[in-house]
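S.K.: I would like to see how this sequence folds:
(2 chains)
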Amino acid sequence: MPPLGRALCALLLLACLAAPLVADRYLLSVLILVFYFAYLGQAWNLLMGFAGQLSLGHALYLGLGAYTATALWTLFGIGPWIGVFIAIPVATAAGLAVGWLGWRFAIQGVYFALLTIAFAEFTRIGFDHLAITGASAGLFLSVSTPGADKWWNLGGGPLLYYYIALALAVGATLLVARLRRSPLGYRWLAVREDPEAAQAAGINIIRARMIAMAISAGMTAIGGVFYGFYYRNLFPSQVFDISRSIEIIIAPIIGGLGTIFGPIVGAIILTPLGESLTALIQHFGVNTPGAKSIFYGLVLMVIISLQPSGVWPWLARRLGLNRSRP
Amino acid sequence: MTELLSVSGISKRFRGLTAVSNVSFNVHAGEIFAVIGPNGAGKTTLFSMIAGALAPDEGRITFAGERIEGLRPDQIARRGIGRTFQIVRPFPALSVEDNVVIGALLQTDALDRAHQIAEQTMVQLDLIGKRDQIASSLTLPDRKRLEVARALATGPKLLLLDEVMAGLRPTETDRIVATLRELNAGGVTILLIEHVMRAVTALASRILVLHHGAAIAEGSPEQVLRDPAVIESYLGAESL
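M.R.: A predicted model of the protein is given here:
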């Protein structure tokens, strides 16, 4: 990375670390969402942007992560810092099952995407009937349980969630950047670009995809644990819904598929955009149902038609951050 | 001479059509062996079976003493067979260097080493000046060279080349012929499928001729090109 890029990253990170000094509660909650979507965007982009496999069912791993950790806490009193290490293998196993079924039988592209949706949907239906986690009536994290407000049980004020979300986003970015520069990262790109040619170059393509899926699903599960303990209530119809899957993928697509900073840039654009649209619509007293969604959709269309490969590649060119051989 | 690749009695049928029928031949270590034949003779099917893209219905393929028929393409690549595709398939969005590095990662898991191998390979194939170009922006001759470079960077004992001269101008053909000679002198055994006779006669020590999926002649270029059956089926009756 060129020095200017490093400086900008350091500046952005410092600003994020210091933001709670000046930001009010509302602004903090917006920033938490920015980090949360940047984090999940990184997880999804690893599978799609690098390994070239389209998942439209990441809500499955989000929901499994959220339900595993919250159920462990409400049923057995096992705290989330331990629960997360059970949530990760649960979601990873689900991801590997989906991946194996798809890739073993050469289901590719949009058909694979349909398979991922199907798994998320039937898991939603399953949880709708699973009495132990409250079925469709939902699972609630009581705040009056002894210790529920302690940080080691992932309870507390917005600052706790703020710094956890920030750490997740930064950690995911570092991990993805490192993987991208590893032999595995090169193999993912090869599989994405041309699976048959990748195979001829000696790459076991199913294995490469499975590793990407395992990491992506595991990371998403951590996001799910955060989701569960941040919102403190879970409904199958929300957490496993396809709209969860879609909102995960918009930031990396707007920011730039297959880039390391794309998911971050996308999240920085989208969350405040949604919030300001809400504020504007309230300000002008527009009561039409769905007005916000229409404007939001229009803005997304404009961005994508202006920058089809995402905002980050364009921004990087403008800032002169493109890699060049010294 | 030792046999590096031994193909014995392989056949492949697609529904009713027999694409390759009971073909046998041996490729010796260190030689350049060519397979020629008119369009539809079964050359690419034969090639795909050796590279693992298709499994033969019958017969055996032995490489360096090990049976390889029916293995996956990546398993065959790991055993030391590098291939190119008739219709070139570089990784389009990646740079020339990254394309070759991906090949080199078959030899080593250390990225520094992979970059070294890639650099040597790019020098060998005259691509070093274009290392930062995106593969999809290359001209056809350069893409063909990249195809060879990526296969070569895997460190193969046997290089399978599927019509790398097709679509090239004579000067470019001569350039790639010279490169392949150098590679062969460096110890790489080459099996090539080729239409361009100028290249075949310049390179091959032995030639196998396929016609309608069957081998109709095998031998040195002089022998094969004088064979009446070959002349009739392949070079056309008018050249008699």
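S.K.: And the helices in chain A, which stretches?
M.R.: Secondary structure of chain A, counting by DSSP state H: helices at A:3-22, A:25-45, A:59-76, A:80-104, A:109-128, A:158-180, A:183-193, A:195-200, A:205-231, A:236-239, A:242-255, A:262-283, A:291-306, A:311-318.
S.K.: pLDDT below threshold where in the chain?
M.R.: Went with chain A since none was named. A:143-151, A:155, A:322-326 (pLDDT under 70).
S.K.: meant chain B, my bad for not saying
M.R.: Along chain B, the model assigns pLDDT under 70 to residues B:1, B:234-240.
S.K.: Quick check: residues of it near chain A?
M.R.: B:51, B:53, B:72-74, B:77-78, B:82-83, B:85, B:89-94, B:98, B:101-103, B:105-106, B:109, B:111, B:114, B:131-132, B:150-151, B:154 (C-beta under 8 Å from any C-beta of the partner chain). Every residue, glycine included, has its C-beta placed from N, CA and C.
S.K.: buried subset of the residues you listed?
M.R.: Buried members of these, counted by 16 or more other C-beta atoms under 10 Å in any protein chain shown: B:51, B:53, B:73-74, B:77, B:82-83, B:85, B:89-91, B:94, B:98, B:101-103, B:105-106, B:111, B:114, B:131, B:150-151, B:154.
S.K.: how about stretch A:219-235: buried residues?
M.R.: Quick answer for stretch A:219-235 (16+ other C-beta under 10 Å): A:219-230, A:232, A:234-235.
S.K.: just these now: which is nearest chain B?
M.R.: A:Met219 (23.3 Å; C-beta to the nearest C-beta).
S.K.: thought that closest one was touching A:Ala43?
M.R.: Yes - using C-beta atoms under 8 Å, A:Met219 is in contact with A:Ala43, at 3.7 Å.
S.K.: so what sits against both of these two?
M.R.: Both A:Met219 and A:Ala43 are contacted by A:Ala172, under the criterion C-beta atoms under 8 Å, 6 or more residues apart in numbering or on different chains.
S.K.: Return the set of buried residues in stretch A:119-136.
M.R.: A:119-121, A:123-124, A:127, A:130, A:133-134.
S.K.: Stretch B:193-202 now?
M.R.: B:193-194, B:196-197, B:199-200, B:202.
S.K.: May I have the distance across it, first residue to last?
M.R.: Stretch B:193-202 has its terminal residues 14 Å apart, counting by C-alpha to C-alpha, to the nearest Å.
S.K.: ok, B:Ala29 - contacts?
M.R.: B:1-4, B:157, B:189.
S.K.: of those, closest to A:Phe295?
M.R.: A:Phe295 lies nearest to B:Lys157 out of the contacts of B:Ala29, by C-beta to C-beta, at 62.0 Å.
S.K.: middle-most residue in the chain, spatially?
M.R.: This is for chain A. A:Leu40 (1.2 Å; C-alpha atoms, centre = their mean).
S.K.: other chain: chain B
M.R.: Geometric centre of chain B, nearest residue: B:Leu161, 1.8 Å, by C-alpha atoms, centre = their mean.
S.K.: and that residue, bridged to which residues?
M.R.: B:Leu192 (DSSP bridges).
S.K.: my read: it touches B:Ile190, true?
M.R.: Yes - with contacts counted by C-beta under 8 Å, B:Leu161 reaches B:Ile190, the gap being 6.4 Å.
S.K.: Scan chain B for its longest helix.
M.R.: In chain B, assigned by DSSP H, the helix with the most residues is helix B:170-185.
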